[in-house]
Structure formats: structure tokens, C-alpha cells
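Participant: Whatever this is, show me its structure:
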Amino acid sequence: MPSSQPVSLISRWFLKPDRYDEAMPILAQLAETVLANEPDTLTYLVHTHFKGDLSSLPPADGLSILFFETYRNAAAFNAHVTGPDFTDFVRDHGDLFVAGNDGKPYTTVEFLTRHAGFARPAVAADEAGNRHPSVMFEIMADDQAAMTGFYAQVFGWRYQTGADGFAYVHFPGSAPPLLGGVGQADPATPGLEPGHNFYLLVDRLEPAIAAAVAAGGGEHMPPTAVDGYRFAMIKDPEGNPVGLVEPFSGQARERRI
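Facilitator: Down below sits the predicted model:
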């Protein structure tokens with residue numbers, strides 16, 4: 001398998017009969033930890049049996065846990081299963097599950113390659129009408145060459161040249177949750193000046209800020225935690241404010257300051 005090919009898998013684990021309620025928050029925390037610490041884990045979905053009017057064929061085991069996972073490549077999968085998030089989980093909570101002959105949780109694993117299809121994120125009922133997310137931004141530079149160099153150095157951007165030399169930045173089609181909003185301007189507070197901002201997804205705020213400063217930019221708004229996510233702002237070498245945001249779950253709904 002080429003090292004650059006995405007890897008998907010289905011893995012099934014089996015809870016001990018008296019540990020179901022105890023396991024639920026622990027499994028939810030595992031997913032949040034993987035989201036925060038493993039940028040090359042692209043999908044990490046933990047499923048229990050469906051409690052509704054539909055019947056599984058064959059009948060479902062009510063104590064089975066099904067993981068659906070997608071990794072950027074095989075190296076990312078290996079980094080997950082040998083990394084601290086997963087190994088600590090097995091060490092600390094492996095006794096929640098039925099064990100195999102080796103004493104470790106008994107699991108089944110099937111590796112997959114995506115052939116076709118899509119993943120449409122679930123939308124809460126109160127957000128069903130929000131159909132026009134922000135999907136493009138532009139930075140109109142006085143010195144285009146210097147600015148493309150700055151963003152390449154800080155964020156690792158690579159460019160495709162379009163009409164009139166416009167440097168396009170393309171991102172993978174599997175996007176994280178989108179968040180937008182309209183707030184009250186406060187000219188006296190950095191980051192709340194009148195106008196519009198865009199935010200770039202980074203793994204962690206502090207290293208990204210340090211990289212921006214080292215590349216000739218500056219810090220504009222310090223890291224701030226609000227409503228379930230962390231964000232900050234820098235300025236590029238021409239003084240444009242650029243927001244930074246760490247990965248957040250779909251529970252982040254609005255920004256209040």
C-alpha cells in the first residue's frame with residue numbers, strides 16, 4: 001500500500017456486561033483526546049448499538065462498541081496505535097472489555113480503502129437553515145512574493161498559480177466543523193476592530209504564534225478560551241490580522257467576549 005494512501009478501518013470491541021454505563025464517558029473522552037492530539041487521525045467515530053425502532057440483521061450485540069476510523073496514511077495509523085492516547089486508554093481502561101487469550105481486550109479489525117461516497121456532517125435542528133458557510137478568503141498583498149513566503153514558512157502552504165499570478169491555496173476536501181458569527185466591534189480591543197476576520201486551523205496556538213513572530217509577523221490577540229474552543233490572532237508582515245483556532249468539536253456554537 002502506498003504510504004500516502006488514506007487508511008480506514010472498522011474495529012469492534014466488546015464491553016463486559018456490567019461496565020456499559022462506566023465506559024460511555026470514557027469512550028467519549030478518548031475521542032476528544034484523539035481529536036486534540038492527532039491531526040493525522042481524520043475520522044474517529046465511536047458507535048454503540050442503535051436504540052430505536054430499527055432492527056439490526058443479524059441482531060446486534062448490545063455490548064459491542066464499533067470504531068470507524070480514517071487515517072491520513074499507514075504511518076498515521078501506526079502512530080495512533082503506538083501513541084500515548086491509545087496505549088494509555090488500553091492500560092487504564094482495558095478491563096472494561098472482554099479479554100482475549102493474551103489478556104488484552106479482544107477486538108476485530110477490518111482495514112478499508114474508500115472507493116466512493118461522502119461524509120455529510122450531522123446538523124443540529126436549530127442550525128438546519130445555515131446553508132452558506134464561509135468557504136474562501138483572500139489576502140491582497142502589497143508584496144505578493146514576500147507574503148506567500150511568510151504563509152509558506154508559518155503554515156506550510158503550497159500554491160497553484162492562477163490568472164494574473166493569483167496564488168491559490170487548496171485544502172483537503174474532508175473539512176473540519178465550520179463556525180462563523182457576527183459580533184459587536186470594539187475598536188479599543190485587539191481582535192475586535194471593525195471589519196472582518198478569518199481564522200486558520202492550527203494544532204496548537206502557541207507554536208503557531210511563535211512561528212509567525214519568527215517569520216516577521218507579530219502577536220495581535222493572546223490565546224483565549226471561550227465556548228469550548230481556543231483561539232488567538234497574529235498579524236502578518238503587512239499588518240493584516242489573522243485568526244488562529246485549535247480543533248474544536250461541533251459543540252462550539254458561538255463566540256462571546
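Participant: and residue 46, how many neighbours?
Facilitator: Each residue near residue 46 was counted by other Cβ atoms under 10 Å, and the total is 16. Every residue, glycine included, has its C-beta placed from N, CA and C.
Participant: what bridges to it?
Facilitator: residue 67 (DSSP bridges).
Participant: quick one: contacts for residue 222?
Facilitator: residue 232 (Cβ atoms under 8 Å, 6 or more residues apart in numbering).
Participant: so it sits in a helix?
Facilitator: No - using DSSP: H, G, I helix; E, B strand; the rest coil, the secondary structure at residue 222 is strand, not a helix.
Participant: Tell me the spacing between it and residue 21.
Facilitator: 40 Å (Cβ to Cβ, to the nearest Å).
Participant: Run through this protein and note the low-pLDDT ranges.
Facilitator: 1-3, 120-135, 173-179, 248-257 (pLDDT under 70).
Participant: which residues are in contact with stretch 70-89?
Facilitator: 1, 3-9, 26, 30, 33-34, 37-38, 40-43, 69, 114.
Participant: Counting only strands, which of these make the cut?
Facilitator: 7-9, 41-43, 69 (DSSP state E).
Participant: okay, the residues you listed in CSV with distance to residue 109 and neighbour count next?
Facilitator: Shown next, in CSV, are these (distance: Cβ to Cβ, whole Å; neighbours: other Cβ atoms under 10 Å):
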residue, distance to residue 109, neighbour count
7, 11, 20
8, 11, 16
9, 6, 15
41, 15, 21
42, 17, 18
43, 15, 14
69, 10, 22
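Participant: So which elements touch the strand or helix carrying residue 152?
Facilitator: With secondary structure defined by DSSP states H and E, residue 152 is part of helix 144-155. Here helix 144-155 touches helix 205-214, going by 3 or more Cβ pairs under 8 Å, 6 or more residues apart in numbering; DSSP states H and E.
Participant: Which positions within the helix ranked longest in the chain qualify as buried?
Facilitator: Ranked by residue count and defined by DSSP state H, the top helix of the chain is helix 20-37. By 16 or more other Cβ atoms under 10 Å, the buried positions in helix 20-37 come out as 23, 27, 30, 33-35.
Participant: That helix relative to strand 41-47, how many degrees between them?
Facilitator: 170 degrees (axes from the mean of the first three to the mean of the last three Cα atoms, to 10 degrees).
Participant: before we move on, back to that, using TSV, lay out the ones in strands among the contacts of stretch 70-89 together with distance to residue 180.
Facilitator: Listed next are the ones in strands among the contacts of stretch 70-89 as TSV, based on distance: Cβ to Cβ, whole Å:
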residue	distance to residue 180
7	32
8	30
9	33
41	25
42	23
43	23
69	29
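Participant: Just give me the closest of these to residue 15.
Facilitator: residue 69 (18.4 Å; Cβ to Cβ).
Participant: what's the domain layout of the chain?
Facilitator: 7-112, 137-168+186-257 (automatic domain parsing).
Participant: Next secondary structure after the helix holding residue 152?
Facilitator: Helix 144-155 is succeeded, C-terminally, by strand 160-161 (DSSP H and E).
Participant: Pull up the pairing partners for that following strand, direction included.
Facilitator: When DSSP bridges is applied, strand 160-161 pairs with strand 167-168 (antiparallel).
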